[in-house]
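Q: Here is a sequence with its predicted model. Questions after.
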Amino acid sequence: MIKQVIGILILTILFFGEIFAHSDNPKYHVIIDTDGAIDDMRSISMFLASDDVRTLAITCSQGTLLPESVYSKVVFLLHTFHHEGVPVGISNKVNYELPPWAPFAKNIQWGNNLDQLSDVNNNSIEILNKTIENYPKKVTLIALGSLRTYAQWLKSNPSNADKIERIIWYNNGIVERGFNYKVSPESYQYIKDIGIILEIVEGNNTNLPVNEDYLNHIQVAKSRYSQQIELVHTQTAVLQKIKDRHLFLWDDVVPLYLTASILFDVETKDNIKYAVLNPQIPSEFIYETISNMLESATTLNNRVFKKFPIDTSLYLSEYAKIMNSTIDNYGLKEWKAISLTNEIHGHTGIYSIIGAKIGIRAMEYFNVGINDLEVITFAGNNPPLSCLNDGIQISTGSTIGQGLITISDSISYIPTAIFKFNNQEIIISLKSEIADQMKKEIKYGIDTYGLLTDRYWLYIEKLAIKYWADYDRLKILIIKK
């Protein structure tokens, strides 16, 4: 047994580079159903963090909490991560009493509360239909609660089963003992009968507490996802549960199973796979694996570089001065996008930098990677406004060569672009006061130094560096559906 475990650990370490690598071609395309327990928060954060997983939608079902309560928690979490473009649906209530841990779960704040919730009438069935309608890949359904939402959806349109690769469900290995089964036994029976691949996952609870050791491991990740998990677990009620040893890894093992199934013992009975986390694997290794998954969100999709350079000695002095603080404020992905934009664009330009910030914000909004977005820009073909196009192309990979960008004949003098992903469209524009300020400062440069003189370009470069370092994409842009 010890040799087997050592072999598993070695294989997993060898494959870490593939399992948690940033990918513009993710291996897994998932829809998540949650019932609002605190372990769901951790599990969803892991799915969103993994660059090998594309989370297409999240539905909110009754189980630990009522669907409306689950919906608010999920929406708050997505807004905290700035992934507002991930669709969220609300499922119907069921005639099942909430469990004893419901009051605790209801009082836990997953993310920053919003003054007002939008789209509160989003029906899960409608969200699922829209999400899967034109999606080119087969989808894995993740069930962190009961199977009721998926069963209702497939009953309403059985042909959707052809678009499902498999369902991964967290439940007790002895199915009838599981809380997620008890909420809707008929849904389990329906899913089983229609023949979709069903994989039931459970953890080895008593060996994997959510404790100080777990939190210390995920702190190493230094991603927004690990930071949010840590923040949620500093709430007074959660700290007491940790102190009393009442919190364990439950639904957390589902993203682990999806991306690192080698850690599980799997057997098949009656055409259903049952996966249990190998109890011989040390908890420290499981915590480190989770940390690596949470950190994968910060890795870059490099094609030429082994590692994108962040040594200040490699940069000209004016850029070296702002590098560390800018990366701390806006992330390495934006730094890389703007650095490459300036190199390819031929000079450090104002509109090209704004374009890169817009592109990064669009990918962040939908939580997607390179080459995933279709773009229409309204910057025309004449500089300086058209320089916006370069920043958008380089940051998103939605280039002319990929056929993913269109330059509209209509021109907006406020930097503006439409982004499309999987039946959703948003328009992102620069705030008008920022656009007016840019025009005034550019006009000042022309009036003072003359158009396209050496002194003019030096002035523009200094101005662009200021915009790069000072302008937070989350504060200068307006997003509308």
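A: That came in fine, so what should we check first?
Q: Give the closest residue to Lys27 in space, chain neighbours not counted.
A: Residue nearest to Lys27 in three dimensions, not counting chain neighbours: Asp52, with 5.1 Å by Cβ to Cβ, 6 or more residues apart in numbering. From N, CA and C alone the C-beta is placed, and that goes for glycine too.
Q: Low-confidence stretches in the chain?
A: Applying pLDDT under 70 to the chain flags the ranges 1-24, 116-121, 204-206.
Q: could you redo the last one with a cut-off of 80?
A: Across the chain, the ranges flagged by pLDDT under 80 are 1-25, 114-121, 204-206, 301.
Q: Domain ranges for it, per the record?
A: 2-298, 312-480 (automatic domain parsing).
Q: Pro255 is in contact with the residue nearest to Lys27, correct?
A: No. Here Asp52 lies out of contact with Pro255, judged by Cβ atoms under 8 Å, at a distance of 10.2 Å.
Q: So for those two, which residue has more residues nearby?
A: Neighbours were counted for Asp52 and for Pro255 using other Cβ atoms under 10 Å; Pro255 has more, 29 against 19.
Q: Next, find the distance separating that one from Tyr225.
A: Taking Cβ to Cβ, to the nearest Å as the measure, Pro255 and Tyr225 are separated by 11 Å.
Q: any common contacting residues for those two?
A: Residues touching both Pro255 and Tyr225 (Cβ atoms under 8 Å, 6 or more residues apart in numbering): Met46.
Q: burial of Leu430, as a residue count?
A: Leu430: 24 neighbours (other Cβ under 10 Å).
Q: Quick check on it: phi, psi?
A: Main-chain dihedrals, Leu430, degrees, to the nearest 10: phi -70, psi 140.
Q: show me the contacts for it.
A: Ile354, Ile358, Ile414, Pro415, Thr416, Met438, Ile476, Leu477, Ile478.
Q: Using JSON lines, please lay out those residues together with secondary structure.
A: Shown next, in JSON lines, are the contacts of Leu430 (DSSP: H, G, I helix; E, B strand; the rest coil):
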{"residue": "Ile354", "secondary structure": "helix"}
{"residue": "Ile358", "secondary structure": "helix"}
{"residue": "Ile414", "secondary structure": "coil"}
{"residue": "Pro415", "secondary structure": "coil"}
{"residue": "Thr416", "secondary structure": "strand"}
{"residue": "Met438", "secondary structure": "helix"}
{"residue": "Ile476", "secondary structure": "helix"}
{"residue": "Leu477", "secondary structure": "strand"}
{"residue": "Ile478", "secondary structure": "strand"}
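Q: closest to Val232 among these?
A: Nearest to Val232 among the contacts of Leu430: Leu477, at 27.2 Å, using Cβ to Cβ.
Q: is it true that the closest one touches Ala356?
A: No. In this structure, Leu477 is not within contact of Ala356 by Cβ under 8 Å, at 12.0 Å.
Q: Neighbour count for these two, which is higher?
A: In this view Leu477 and Ala356 are compared by other Cβ under 10 Å, and Ala356 has more residues nearby, 30 against 20.
Q: Now Lys241: closest residue in space, sequence neighbours ignored.
A: Among residues not flanking Lys241 along the chain, Leu247 sits closest, at 4.9 Å (Cβ to Cβ, 6+ apart).
Q: and that neighbour, how far is that from Ser187?
A: Using Cβ to Cβ, Leu247 is found at 27 Å from Ser187.
Q: could I get the domains of the chain as TSV with distance to Val304?
A: Compiled in TSV, the domains of the chain are given as follows (distance: least, Cβ to Cβ, whole Å):
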stretch	distance to Val304
domain 2-298	14
domain 312-480	10
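Q: Mind checking the ones you listed for the one nearest to Lys306?
A: The nearest among the domains of the chain, by Cβ to Cβ, is domain 2-298 at 11.5 Å.
Q: Nearest to Phe305, out of the domains of the chain?
A: Comparing the domains of the chain by Cβ to Cβ, domain 312-480 comes nearest, at 9.0 Å.
Q: quick one: the closest one to chain centroid distance?
A: Mean-position distance between domain 312-480 and its chain equals 22 Å (Cα atoms, centre = their mean, to the nearest Å).
Q: try stretch 159-176
A: Distance of stretch 159-176 from the chain centroid (Cα atoms, centre = their mean) equals 22 Å.
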